[in-house]
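Undergrad: fold the stuff below for me.
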Amino acid sequence: MSNLGKIHPVFYWVTSFVIGVVLECVTDISLMFWIILIFLLSSIISMSKSEHKKVIILSCIFFLIGIIRMYTWISLYDVARLQPQELLTKGYISAEPDKKEFNTKLTFTIEDSHERILLTVPHYPEYSYGDYMLLSGDIEPPTSFETDTGRIFHYDTYLKKDKIYYVARHPNITLLSSGTHGSTLTKNLLLFKKALVRRIERYLPEPHASLLSGLLVGAKSSMGDELLNQFRITGVIHIVVLSGFNVTIIAEAIMRVLAFMGVAASAVFGSIAILFFTIMTGASATVVRASLMAFLVIIARVTGYQSEILRALWIAAFFMIMHNPMIVLYDPSFQLSFLATLGLVVLVPRVETYLSIIPRTKFDFRGLAAASLGTQIFVLPMLIWMTGEISLVSPAVNILVLWVVPVTMLLGFIMILVSFVSHSITLLVMTVTWLLLGYILTLVDWFAHVPFAIVTSPEIQVTGLVALYFSYICIYIFCTKKQAE
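TA: Have a look, this model is predicted:
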């Protein structure tokens, strides 16, 4: 990391692009104004004698590209083409049903206009991806609401990133055909996911089955709000939800636990685990983005070229945002996965040098502790801003839990495989898996009942959030330059 004293231009260019995306989203300034402004600035800079003028001009151009990309997104998608009304139309379920504790959320795409509506329906009858149906009922725009911590959750902008601009609560549905629409590949992946969950439920009791389903495929619906709340309080909710954070953390944990096998072997197993996780969860856009970032962490561990991996991370973020600019502001999964990956690449090696009190072992507990603390430091401001809460027990619980997660996932997957071959071997593997899952559940339950395990934080404004991460950047640059000297 000593060669990072000089910042590569790609960081300026991608950062300028992101600033352009954000400004176009939050301001109401005309596109022509930005074009004229960038043209004038570029002309003035080109006539200067600065040795950095090429970098500055390209930064201005990338800023304008960000403005234009968000402008085109808003022009194409952010338009209310339907009015709140009673709707009668045909369409299909275009995403995996999201089963909650008391209802199920369905993403319904209208056949002719391709408008998306989020439906809230009872658990039964059950619907699947690709089901073709006749929908009738009232639709309306989603609205913001106040959370338990007093924060306002902007539900409308959160759904916009998925091009959803309408909701319908308990509409009338007539199923016309099952699984006849949508992507064949997605359909098969989701069927594979369902088959895995059924196998898990066959051999494990609750809540162990739901926890393993959450670890392997992100299927946490049967855990119930009370248990999920315990995972939230203890700061390990990321291991059972489909987010970029859990993919990145789990990949790092797998590599750390298998460190005794050597860097190359642990990297291979880590990559295979990420690939299986992506396939088993249905290869959604969220998981694919997170998996790409997790692969970058693995490459950084194998090559040791953190500077090149940072540039790759910035470039990957650029293409992800170019594909969907709304994820910058309205996709918590992208934000947390990017920050977690950044923490693993940048901060973990430094944190590890200060944890000499933890002895080196075959399973690299010092590395696991460093990975937990490093990512927690990087995502903490964002989590506080999103939730308004701070888990005081999170660092301890993450260190105690993360080491067992990859082992549990591996045994759970082996249990599923051998269940097709031998019932007795399956029972043996199931017993060990059940014990490890019980260890996680017991720890989470115990720490969740610790007094003041979670506290409400003062509200952080966007400016405060930006200031905190800007201070992170300043500290990093200062430490890097000092190390180079």
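
Undergrad: in stretch 36-43, what's buried?
TA: 38, 42 (16 or more other CB atoms under 10 Å). Every C-beta, even on glycine, is put in place using the N, C-alpha and C of the backbone.

Undergrad: ditto for stretch 17-33
TA: Neighbour-count burial for stretch 17-33 [16+ other CB under 10 Å]: 17-22, 24-25.

Undergrad: ends of it, how far apart?
TA: End-to-end span of stretch 17-33 (CA to CA, to the nearest Å): 17 Å.

Undergrad: avg pLDDT for that stretch?
TA: Throughout stretch 17-33, pLDDT has a mean value of 86.

Undergrad: which residues sit against it?
TA: Residues outside stretch 17-33 that contact it (CB atoms under 8 Å, 6 or more residues apart in numbering) are 34, 62-71, 74, 317-318, 321, 325-326, 328-329.

Undergrad: buried ones only from the residues you listed, please, as a ChimeraX command.
TA: Entered in ChimeraX, the line below selects the buried ones among these, by 16+ other CB under 10 Å:
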select :34,62,63,64,65,66,67,68,69,70,71,317,318,321,325,326,328,329
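
Undergrad: in helices only, show me the buried residues of stretch 17-33.
TA: 17-22, 24-25 (DSSP state H).

Undergrad: re earlier: from the contacts of stretch 17-33, which ones fall inside helices?
TA: Short answer: those in helices (DSSP H) are 34, 62-71, 74, 317-318, 321, 328-329.

Undergrad: in this protein, which helix or strand is least confident?
TA: helix 244-257 (a mean of 65; mean pLDDT, DSSP states H and E).

Undergrad: what ranges do the helices span in the stretch 251-400 of the chain?
TA: With DSSP state H, counting those that start in this stretch as the definition, the stretch 251-400 of the chain shows helices at residue ranges 263-280, 285-303, 306-323, 327-330, 332-342, 348-353, 365-387, 394-402.

Undergrad: closest to Tyr439 out of those?
TA: helix 394-402 (8.3 Å; CB to CB).

Undergrad: for the closest one, the averaged confidence score.
TA: 82.

Undergrad: low-confidence ranges in the stretch 151-300 of the chain?
TA: 218-223, 241-254, 256-260, 263, 279-285, 297, 300 (pLDDT under 70).

Undergrad: ignore what I typed, I meant the stretch 301-450 of the chain.
TA: 301-307, 355-365, 367-368.

Undergrad: do the same with the stretch 1-150 of the chain
TA: Those would be 1-6, 77-86, 148-150, if you go by pLDDT under 70 across the stretch 1-150 of the chain.

Undergrad: those helices in it, which residues are they?
TA: Going by DSSP H, counting those that start in this stretch, the stretch 1-150 of the chain shows helices at 9-26, 31-46, 53-76.

Undergrad: nearest to Tyr124 among the ones you listed would be which one?
TA: Judging these by CB to CB, what sits closest to Tyr124 is helix 53-76, at 36.9 Å.

Undergrad: what helices or strands is the closest one leaning on?
TA: Judged by 3 or more CB pairs under 8 Å, 6 or more residues apart in numbering; DSSP states H and E, helix 53-76 is in contact with helix 9-26, helix 31-46.

Undergrad: for those helices, which one sits closest to Gly137?
TA: Using CB to CB and comparing the helices and strands packed on helix 53-76, the one that lies nearest Gly137 is helix 9-26, at 31.1 Å.

Undergrad: quick one: that closest one to helix 31-46, angle?
TA: Relative orientation of helix 9-26 versus helix 31-46 (axes from the mean of the first three to the mean of the last three CA atoms, to 10 degrees): 150 degrees.

Undergrad: which SSE is immediately downstream of the lengthiest helix in the chain?
TA: The helix that spans the most residues within the chain, counting by DSSP H, is helix 423-448. Counting by DSSP states H and E, the next helix or strand C-terminal to helix 423-448 is strand 454-456.

Undergrad: flag every buried residue along that following strand.
TA: So for strand 454-456, counting by 16+ other CB under 10 Å, buried means Ile454.

Undergrad: what of stretch 177-196?
TA: So for stretch 177-196, counting by 16+ other CB under 10 Å, buried means 179, 181-182, 186-187, 189-190, 193, 196.

Undergrad: ok, back up a step: which one of the ones in helices among the buried residues of stretch 17-33 is nearest Ala370?
TA: Val18 (28.1 Å).

Undergrad: and that closest one, how far is that from Ile38?
TA: 16 Å (CB to CB, to the nearest Å).

Undergrad: quickly list the domain ranges of this protein.
TA: 2-76, 85-184, 204-484 (automatic domain parsing).

Undergrad: quick check: which of these is buried the most?
TA: domain 204-484 (a mean of 19; mean count of other CB atoms under 10 Å).

Undergrad: touching, Ser98 and Thr120? I think so.
TA: Rather than Ser, residue 98 is Asp. No. Checked against CB atoms under 8 Å, the pair Asp98 and Thr120 is beyond contact range at 10.1 Å.

Undergrad: find residues that contact each of the two.
TA: Common neighbours of Asp98 and Thr120 (CB under 8 Å, 6+ apart) are 104-105.

Undergrad: closest to Ser457 out of the helices and strands packed on helix 53-76?
TA: Once the helices and strands packed on helix 53-76 are compared by CB to CB, helix 9-26 is nearest, at 23.6 Å.

Undergrad: and the closest one with helix 53-76, angle?
TA: Using the same axes, to 10 degrees, helix 9-26 lies at 30 degrees relative to helix 53-76.

Undergrad: angle of helix 9-26 against helix 306-323?
TA: 30 degrees.

Undergrad: how far does helix 9-26 sit from its chain's centre?
TA: Mean C-alpha position of helix 9-26 versus that of the full chain (CA atoms, centre = their mean, to the nearest Å) differs by 21 Å.

Undergrad: likewise for stretch 408-419?
TA: 25 Å.

Undergrad: what lies in contact with it?
TA: 196, 199-200, 202-203, 212, 215-216, 250, 254, 273, 276, 425-426, 429-430, 432-433, 436-437, 440.
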